[in-house]
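J.: sequence and computational prediction follow.
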Amino acid sequence: KNEVEQSPQNLTAQEGEFITINCSYSVGISALHWLQQHPGGGIVSLFMLSSGKKKHGRLIATINIQEKHSSLHITASHPRDSAVYICAVSHLIQGAQKLVFGQGTRLTINP
Amino acid sequence: DAGITQSPRHKVTETGTPVTLRCHQTENHRYMYWYRQDPGHGLRLIHYSYGVKDTDKGEVSDGYSVSRSKTEDFLLTLESATSSQTSVYFCAISEGLAGIGNTQYFGPGTRLTVL
């Protein structure tokens, strides 16, 4: 079993729909990261969470430390949100973060 | 965007040849990382650096070495490339402030093909 599991692996929705991507992890962590990767490859960090909830525009990320679970929500989804969303957990070693990544969720938003 | 560049961006090489990938940052961040990304495996940490001349292994370090002689450059070397090292390689940096850790900023990636 992988340390980080994401679901669903693929998600197709219509423009305007509310999107939820889930991430579960199996061991204690220092923080959880959500990343976005568009076709063409660039990786952008969306959120880093150690507790609670963060919001940036139409994106909301939550984490439940006791349940070892995080969700990424997209409100009023748009075709430009189509990308792969990657969850990663970090372990602090000598101040560096060793990230362990989920397999990613491929999101397609149709107009 | 964080100032991170990777070179080369694309490389095709033959099995058994040495290859060096360069990551260069202009942010003066302490921590630097090398990852590889493969279908079916996602992103995996190869090596990381927590300061000049200070490096350590990640989860898939076999066949790779790294060096960091100055803050801005982190080099990844494949001493003798193999076809299993065909991948997309990403460099990342983070500030390393005290506490839970920091956002990592990723470079544009290097696509390496080993024939």
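T.: Happy to help now that I have it.
J.: which SSE is residue B:29 in?
T.: Using DSSP states H and E, residue B:29 falls within no helix or strand.
J.: and for residue B:36?
T.: strand B:31-38.
J.: which elements pack onto that strand?
T.: Judged by 3 or more CB pairs under 8 Å, 6 or more residues apart in numbering or on different chains; DSSP states H and E, the packing partners of strand B:31-38 are strand A:96-101, strand B:19-25, strand B:42-51, strand B:64-70, strand B:73-78, strand B:87-94. Every residue, glycine included, has its C-beta placed from N, CA and C.
J.: turn those strands into a markdown table, including distance to residue A:77.
T.: Output for the helices and strands packed on strand B:31-38, formatted as a markdown table (distance: least, CB to CB, whole Å):
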| stretch | distance to residue A:77 |
| --- | --- |
| strand A:96-101 | 23 |
| strand B:19-25 | 33 |
| strand B:42-51 | 23 |
| strand B:64-70 | 39 |
| strand B:73-78 | 37 |
| strand B:87-94 | 26 |
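J.: and the closest residue to residue A:73 other than its chain neighbours, what does it touch?
T.: Excluding the flanking residues, the one nearest residue A:73 by CB to CB, 6 or more residues apart in numbering or on different chains is residue A:60, at 4.4 Å. By CB atoms under 8 Å, 6 or more residues apart in numbering or on different chains, the contact list for residue A:60 reads A:53, A:54, A:72, A:73, A:74, A:75.
J.: may I ask which of those has the most neighbours?
T.: Taking other CB atoms under 10 Å in any protein chain shown as the neighbour criterion, residue A:72 ranks highest of the contacts of residue A:60 with 25 neighbours.
J.: contacting residues for it?
T.: A:20, A:21, A:23, A:34, A:46, A:47, A:59, A:60, A:61, A:85, A:87.
J.: same thing but 6 Å
T.: Residue A:72 makes contacts with A:21, A:34, A:61, as judged by CB atoms under 6 Å, 6 or more residues apart in numbering or on different chains.
J.: quick check, nearest of those residues to chain B?
T.: residue A:34 (10.8 Å; CB to the nearest CB).
J.: and the most centrally placed residue in chain B, how far from residue B:87?
T.: Centroid-nearest residue in chain B, with CA atoms, centre = their mean: residue B:34, separated by 2.5 Å. Using CB to CB, to the nearest Å, one gets 11 Å for the distance from residue B:34 to residue B:87.
J.: residue B:19 too?
T.: 11 Å.
J.: contacting residues around the lowest-mean-pLDDT helix or strand in chain A?
T.: None of the helices or strands of chain A scores lower by mean pLDDT, DSSP states H and E than strand A:96-101, at a mean of 88. With contacts defined as CB under 6 Å, 6+ apart, strand A:96-101 is touched by A:3-4, A:86, A:88-91, B:31, B:42-43, B:45, B:48, B:50, B:101.
J.: paired strands for the helix or strand following that strand, with orientation please.
T.: Once strand A:96-101 ends, the next helix or strand along the chain (criterion: DSSP H and E) is strand A:105-110. Looking at strand A:105-110 with DSSP bridges, its partner strands are strand A:10-14 (parallel), strand A:83-93 (antiparallel).
J.: point out the most buried one among these.
T.: Highest mean neighbour count among these (mean count of other CB atoms under 10 Å in any protein chain shown): strand A:83-93, with a mean of 21.
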